[in-house]
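1. Let's see this in three dimensions:
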Amino acid sequence: MIMRVSRNLIRLPKTTPEGYRVLLYSVRDPDPTKMIFSDAVKGFCMYNDCVLSEDGLAEGYVVIFDMRGVSIGHLARVSLPALKAFMFYIQDAHPARLKGIHILNTASWIHHIMRIVVPLVRSEILSLIKFHKGMIPEGIPHEILPADYGGEAPSVDELDTHTKSMVDKYSEWLKESACFKADETKRVKKASWWGLFSGGSAPEKLDEKTILQNLQID
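-> Numbering: from 1, shown residues only. Sure thing, here's the model as predicted:
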């Protein structure tokens with residue numbers, strides 16, 4: 001296994017009625033001192049690359065983040081350079097179409113996270129985020145959720161075995177791809193394809209104050 005995983009990264013077996021894949025991420029070990037943020041970002045990106053290799057270009061993805069077990073101590077260990085690299089990956093390098101982002105068991109201090117994230121995220125991504133006090137994401141059919149979340153799919157632990165198998169399957173490719181580097185001096189500057197979602201080349205920018213004022217938790 002080439003990833004040290006302190007969190008659960010799972011792909012639910014069934015898609016939504018629209019054909020969207022659902023990915024669920026949660027903390028396995030709540031001890032913040034065991035989290036190395038740069039390693040967490042690397043593992044997240046590696047896992048997503050494996051999912052894309054398995055699925056091809058799906059209709060879209062719905063992402064569920066469960067904050068259960070996440071503490072303010074985890075926030076203190078966030079590396080800003082690694083966070084910026086992750087946001088670039090999600091918004092400019094990842095070919096999957098995000099259709100929804102659900103935050104479950106939203107912590108009371110979520111505003112502190114949003115103050116860090118908002119300046120790095122485009123408005124079209126922010127508009128997809130929904131916060132929930134509990135652990136049931138609105139709009140996700142009950143039958144496709146894991147048993148831990150009151151659904152009919154296998155438990156998170158069972159699904160996690162599939163994650164391990166999938167990552168092991170791509171282990172050699174992941175090791176090789178870790179050595180690839182881009183020569184940025186040769187890159188042609190062009191508008192991001194994410195501008196297509198906003199109907200123009202420059203997405204509308206939402207200021208932090210507006211986002212935080214409109215932040216609602218179901």
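2. For residue 14, see how far away the closest residue to residue 105 other than its chain neighbours is.
-> Sequence neighbours aside, residue 68 is the residue nearest to residue 105 in space, at 4.3 Å (criterion: Cβ to Cβ, 6 or more residues apart in numbering). Every C-beta, even on glycine, is put in place using the N, C-alpha and C of the backbone. Going from residue 68 to residue 14 by Cβ to Cβ, to the nearest Å gives 23 Å.
3. Kindly report the same for residue 173.
-> 27 Å.
4. One more: residue 81?
-> Distance of residue 81 to residue 14, given as Cβ to Cβ: 37 Å.
5. So between these two, which is more surrounded?
-> Set residue 81 next to residue 14 and count neighbours by other Cβ atoms under 10 Å: residue 14 wins out with 14 against 10.
6. residue contacts, the closest residue to the more buried one other than its chain neighbours?
-> Once flanking residues are discounted, residue 14 sits nearest to residue 144: 4.2 Å by Cβ to Cβ, 6+ apart. Residue 144 makes contact with 12, 13, 14, 15, 16, 22, 151, 152, 153, according to Cβ atoms under 8 Å, 6 or more residues apart in numbering.
7. 6 Å instead?
-> Counting by Cβ atoms under 6 Å, 6 or more residues apart in numbering, residue 144 touches 12, 14, 153.
8. residue contacts, the first one?
-> When contacts are counted by Cβ under 6 Å, 6+ apart, residue 12 is found next to 22, 144, 153.
9. One more pass at 7 Å, please.
-> Residues in contact with residue 12, defined by Cβ atoms under 7 Å, 6 or more residues apart in numbering, are 22, 24, 144, 153.
10. buried subset of those residues?
-> Neighbour counting by 16 or more other Cβ atoms under 10 Å classes 22, 24, 144, 153 among the contacts of residue 12 as buried.
11. can you map out the helices along this protein?
-> 37-55, 72-76, 80-88, 110-117, 123-126, 156-169, 171-177, 195-198, 208-214 (DSSP state H).
12. between those, which gets nearest to residue 97?
-> Residue 97 lies closest to helix 195-198 among the helices of the chain, at 8.6 Å (Cβ to Cβ).
13. Nearest to residue 39, out of the buried ones among the contacts of residue 12: which one, please.
-> Of all these, residue 24 has the smallest distance to residue 39: 19.9 Å, by Cβ to Cβ.
14. quick revisit: which of the contacts of residue 144 sits closest to residue 77?
-> Distances from residue 77 to these, taken by Cβ to Cβ, are shortest for residue 12, at 28.2 Å.
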